[in-house]
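Engineer: make a model of this:
(one chain, ligands or ions: 1)
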Amino acid sequence: MSRLLIVEDEPNLAQGLKFNLEIEGYHTDVCETAEDALPRFGEYDLMILDIMLPKMSGIELLTEIRKQDYKYPVLILSARTAEEDILEGLSAGADDYITKPFSLPELILRIKRILQRQSWYSKTTKRTVRYTFGHYWIDFDAFKACTNSGEVELTHYECYIMKYLIENKHRTVSREELLEKIWGYDNPPETRSVDNFIARLRKHFEADRKNPKYLKSIRGVGYRFLDY
Ligand code: CA
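Structural biologist: Below is the predicted model:
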């Protein structure tokens, strides 16, 4: 049974969420402040995090968590709906961002997806912690890589995409498949966002971005990772 920690200062919302998530089979606890949650988050598989909290904010808590654990799953659930707030949450390292008011089935679906992705990612990292191709390497555990600009930190999504393409190397993976497996959306955002990520990855791992060696485009379908 997965254990969830809700960090939420509105008692009614927190208790309602706890009740519904326990019906779904999750063990769920509530912290009303970020200060209470910080020493305890490691006991849980995933955190559902509000942003506007009494003292320390959700973003500050997330930043602290990321210093200790780069991979810990955090889903932000916030009344802040502005694009810049969502971007701030995601760039602070949230795995997902849901705005209030929210749909419960949607929240449950997103929790499931994050936990599935986490278990896929950590299972596979044991087999290939550091994957080498050409003079590049990716450390999937530390989210680091040796790229054209030296050793850099990769984002979670860059690692997820590389991991998925490498696991399916020599097979064409469609944009839709990547969106479903990596982002886990039933109604995927624009497939162009996949292309943007591939462009960033090529900047890291291709000597000649116009003639990619590893991250090939398959016209009209998607992408294929080739290893030599
Ligand atoms: Ca709040």
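Engineer: for the rest of this, base every contact and every neighbour count on C-alpha atoms.
Structural biologist: OK.
Engineer: what's the closest non-adjacent residue to whichever residue of the chain sits closest to the ion?
Structural biologist: Nearest residue of the chain to the ion: Met52, at 4.2 Å (Cα to the ion). Among residues not flanking Met52 along the chain, Gly58 sits closest, at 6.4 Å (Cα to Cα, 6 or more residues apart in numbering).
Engineer: which ones are touching that neighbour?
Structural biologist: Gly58 sits next to Ala34, Leu49, Asp50, Ile51, Met52 when contact means Cα atoms under 8 Å, 6 or more residues apart in numbering.
Engineer: cool, Ala34 as well?
Structural biologist: Contacts of Ala34 by Cα under 8 Å, 6+ apart are Val7, Leu53, Lys55, Met56, Ser57, Gly58, Leu61.
Engineer: among those, which one has the lowest pLDDT?
Structural biologist: Least confident of the contacts of Ala34 in the model: Lys55, at 94.
Engineer: burial count for that residue?
Structural biologist: 10 (other Cα atoms under 10 Å).
Engineer: who does the lengthiest helix in the chain touch, helix- and strand-wise?
Structural biologist: Looking across the chain with DSSP state H, the single longest helix is helix 104-127. On a contact count with 3 or more Cα pairs under 8 Å, 6 or more residues apart in numbering; DSSP states H and E, helix 104-127 meets no helix or strand.
Engineer: run the last query once more with 10 Å
Structural biologist: helix 11-23, strand 46-49, strand 74-78, strand 96-99, helix 156-167 (3 or more Cα pairs under 10 Å, 6 or more residues apart in numbering; DSSP states H and E).
Engineer: what's the offset of the first one from the middle of its chain?
Structural biologist: With Cα atoms, centre = their mean, to the nearest Å as the basis, helix 11-23 stands 24 Å off its chain's centre.
Engineer: make residue 1 into 442 and carry on from there
Structural biologist: All right, first residue 442 from here; so that's helix 452-464.
Engineer: follow-up on the earlier one: could I get the contacting residues of the residue of the chain closest to the ion?
Structural biologist: Glu449, Asp450, Thr474, Ala475, Gly499, Ile500, Ser519, Ala520, Arg521 (Cα atoms under 10 Å, 6 or more residues apart in numbering).
Engineer: now the longest helix of the chain: average pLDDT?
Structural biologist: On average, helix 545-568 scores 87.
Engineer: the inter-axis angle of it versus strand 515-519?
Structural biologist: If you take axes from the mean of the first three to the mean of the last three Cα atoms, to 10 degrees, helix 545-568 sits at 160 degrees to strand 515-519.
Engineer: which residues touch helix 545-568?
Structural biologist: Taking Cα under 10 Å, 6+ apart as the rule, helix 545-568 contacts 443, 445, 458, 461-462, 465, 486-489, 512-516, 518, 536-540, 570, 572, 580-583, 600-601, 604-605, 608, 621-627.
Engineer: which parts of that helix are buried?
Structural biologist: Leu548, Arg551, Ile552, Arg554, Ile555, Arg558, Gln559, Tyr562, Thr565, Thr566 (16 or more other Cα atoms under 10 Å).
Engineer: export these to TSV and tack on distance to the ion?
Structural biologist: Formatted as TSV, these follow (distance: Cα to the ion, whole Å):
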residue	distance to the ion
Leu548	17
Arg551	20
Ile552	20
Arg554	24
Ile555	23
Arg558	28
Gln559	27
Tyr562	31
Thr565	36
Thr566	36
